[in-house]
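Student: Sequence and predicted structure, then a few things I'm wondering about:
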Amino acid sequence: MLWSALLLILFRKFGGSNHFEQHLRPEAWASHPLLGLYGDYYWFCACFVILGLVPLLLSLPRPFRPASLGLGLGDWRFGLKWVLILYAVMAPVVVVASRFSTFSQYYPLNGMIGEQAARLWAGQAATITHALAYFLVYELLYGLYFVGWEFFYRGFLTFGLEERLGPHGVLVANIPFALMHVGKPFPEALGSIIAGVALGLFALRARSFWPCVALHVGVAWTMDLCAIERKAAVLSAAAGG
């Protein structure tokens, strides 16, 4: 738990896109039009490293089995079945939520790449060369972000605390998980309290954190696509008007 507190502080201090844009970017990139996008690329990779790889390395000195941190496939049939069931439940909720400006304006997290993708969706020319390629890289790294994110909360914390706390470790892991959603749309922040408990119990039952990754990535990508579709509809309506 102490390592987790330290890692979260390090991630918040040094893992964000702002840190890259202000301290790590090359001097020549000061006014680069894609600086914000590159900052998000850094943010996603930093999450994978600081919340994923570093906790894994911290676990290696102890007697280590991948299954002890949920790294194995576990009960993959159960995991796959419930990923599909839970995604089928969540997808309509995401579609409805994306109709509201609270979500459609917030996602994708990088507004510039969201606008470019919306232009392409609406059949308009993107204002940035290779916009589709940048968008695909963005979404792939967004998926990598969730590998680190889910390993930290569901693997390192939830499975790491299981021997001492049993399933109650889910509640411990859920406190920082919910707090890290502060700043997101308020309904999503509130929902993270329930989602964090559900994902933790899901990981313990499946004996793997990978189903949580699959579900989280699926929902996140769906939200991005729905928000982009909404932006594209607005662009098309404006062009038609």
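Tutor: Done, it's in. Source: prediction; values computed, not measured.
Student: per-residue pLDDT, the residue nearest the centre of the chain?
Tutor: What sits nearest the mean C-alpha location of the chain, by C-alpha atoms, centre = their mean, is F146, with 4.2 Å. On the pLDDT scale, F146 is placed at 97.
Student: Which secondary structure element is home to it?
Tutor: F146 belongs to helix 131-150 when assigned by DSSP states H and E.
Student: so where's the chain shaky on pLDDT?
Tutor: 63-64, 241 (pLDDT under 70).
Student: Okay, angle between the longest helix along it and helix 131-150 too, please.
Tutor: Determined from DSSP state H, the single longest helix within the chain is helix 210-240. Between helix 210-240 and helix 131-150, the angle comes out at 150 degrees (axes from the mean of the first three to the mean of the last three C-alpha atoms, to 10 degrees).
Student: what packs against helix 210-240?
Tutor: Judged by 3 or more C-beta pairs under 8 Å, 6 or more residues apart in numbering; DSSP states H and E, the packing partners of helix 210-240 are helix 76-97, helix 101-104, helix 111-121, helix 131-150, helix 186-206. To be clear about C-beta, it is placed using only N, CA and C from the backbone, and glycine gets the same treatment.
Student: now the end-to-end length of stretch 163-182.
Tutor: End-to-end distance of stretch 163-182 (C-alpha to C-alpha, to the nearest Å): 30 Å.
Student: mind listing what's buried in it?
Tutor: By neighbour count on 16 or more other C-beta atoms under 10 Å, the buried set for stretch 163-182 is G169, V170, V172, A173, N174, P176, F177, A178, M180, H181.
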